[in-house]
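Colleague: Could you work out the structure for the sequence below:
(one chain, ligands or ions: 1)
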Amino acid sequence: MINIAIDGPSGSGKSTLAKEIAKRLGYVYVDTGALYRSIGLYISEHHINPNKKEDVIAVLPDIRLDLTYEEGKQTVYVNGANVGDRIRTPEIAEITSIIASIPEVRSFLLSLQKEMAIKHNVVMDGRDIGTVILPDAQVKIYLSASAENRAERRYNELRAKGIEITREEVKADLIKRDHADETRETAPAVAAEDAVPLDNSALNLEQTFEAAMEIVRNKLNEILPNRI
Ligand code: DC
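Modeller: Model (predicted):
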C-alpha cells in the first residue's frame, strides 16, 4: 500500500491538503485529529476532568470508535453515534490537546490508524504520522505556516461554523495548543527527519496543492517510476 503522511501544527491546512491529494489519487483520507477529538468529546460529555489522567484512562475501554468513508468523507462514530461537528468546537480542541498527551490514549488509537494504512492507500494527517504511526510512509510532508496565517484561517473556519470567537482568542488558543503538542513527552508533534518541509504562509490553496503534488510525484517516481 502507498502511505502519505502529512504532519504539521494546527491551522496549517493539513486536512484541506490531505483531502485534495486523496481525491486526486483515489486514496483514503484519514483525519487522525478527528479520532483524538472524538475521545475529547466523550470525555467532555461524560463530565470527566481531562487533567485527571487516571479517570481518562479508566473510561477508554468504554469507548468504541468506528470509521466510515463515503465519497472520501470520513465519519467517526463513538459508540454508534456520529460525532459530526460537535468535535470542532474550541472547547473540545482544548480538552483534546490535554488528553492527546496521555500515552494510553495514544496507544488506544494506534492500531486503528495502522490498520487503515495496511488495508488502504492512505493520505493520513496528524502530528506523529511520519514519526510514530507510519514511520515507513513512502511520502512524508511537514506542512507549516506562520502563526498569524494559521490563526486567521482557523478564525475564518470557526466563524463560518457560527462559533463566536475573536481573532486574538483563536491565536492564543492555537499557540497554547501547539506548545502543548510539541513539548509533550509521548509522540511530540515534530517533523520526521525524512519529511519534506512545506511552508504555505505565502501560498494559496491551489499553490499549496501543486507544491505538495510535486513532492508526492517526485517521491513516488523514485520508488515506483511512471506510477503517477
Ligand atoms: O488536527 P486537529 O486540530 O484536529 O488535532 C486536534 C488535537 O489532537 C491537537 O491538539 C493535536 C492532537 N493530535 C495528536 O496529538 N496527534 C494526532 N495524530 C492528531 C491530533
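Colleague: which one's the longest helix in this protein?
Modeller: When the chain is parsed with DSSP state H, its longest helix is helix 205-223.
Colleague: which strands and helices sit next to that one?
Modeller: helix 14-25, strand 139-144, strand 196-199 (3 or more C-beta pairs under 8 Å, 6 or more residues apart in numbering; DSSP states H and E). Quick note: C-beta positions are derived from backbone N, CA and C, even for glycine.
Colleague: where's that helix relative to the chain centroid, distance-wise?
Modeller: In terms of C-alpha atoms, centre = their mean, to the nearest Å, the gap separating the centre of helix 205-223 from the centre of its chain is 19 Å.
Colleague: CA atoms only for it, dumped as PDB, please.
Modeller: Taking Å, rounded to 0.1, in the frame of the first residue of the first chain, the C-alpha atoms of helix 205-223 are listed here in PDB:
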ATOM      1  CA  LEU A 205      -4.800  26.500  -1.700                       C
ATOM      2  CA  GLU A 206      -4.100  25.800  -5.300                       C
ATOM      3  CA  GLN A 207      -0.400  26.600  -4.900                       C
ATOM      4  CA  THR A 208      -0.100  24.500  -1.800                       C
ATOM      5  CA  PHE A 209      -1.800  21.600  -3.500                       C
ATOM      6  CA  GLU A 210       0.600  21.900  -6.600                       C
ATOM      7  CA  ALA A 211       3.700  22.100  -4.400                       C
ATOM      8  CA  ALA A 212       2.600  19.100  -2.400                       C
ATOM      9  CA  MET A 213       1.700  17.100  -5.500                       C
ATOM     10  CA  GLU A 214       5.200  17.900  -6.800                       C
ATOM     11  CA  ILE A 215       6.700  16.400  -3.600                       C
ATOM     12  CA  VAL A 216       4.300  13.300  -3.900                       C
ATOM     13  CA  ARG A 217       5.200  12.800  -7.600                       C
ATOM     14  CA  ASN A 218       8.900  13.100  -7.000                       C
ATOM     15  CA  LYS A 219       8.900  10.600  -4.100                       C
ATOM     16  CA  LEU A 220       6.600   8.100  -5.800                       C
ATOM     17  CA  ASN A 221       8.600   8.300  -9.000                       C
ATOM     18  CA  GLU A 222      11.700   7.500  -7.100                       C
ATOM     19  CA  ILE A 223      10.300   4.200  -5.800                       C
END
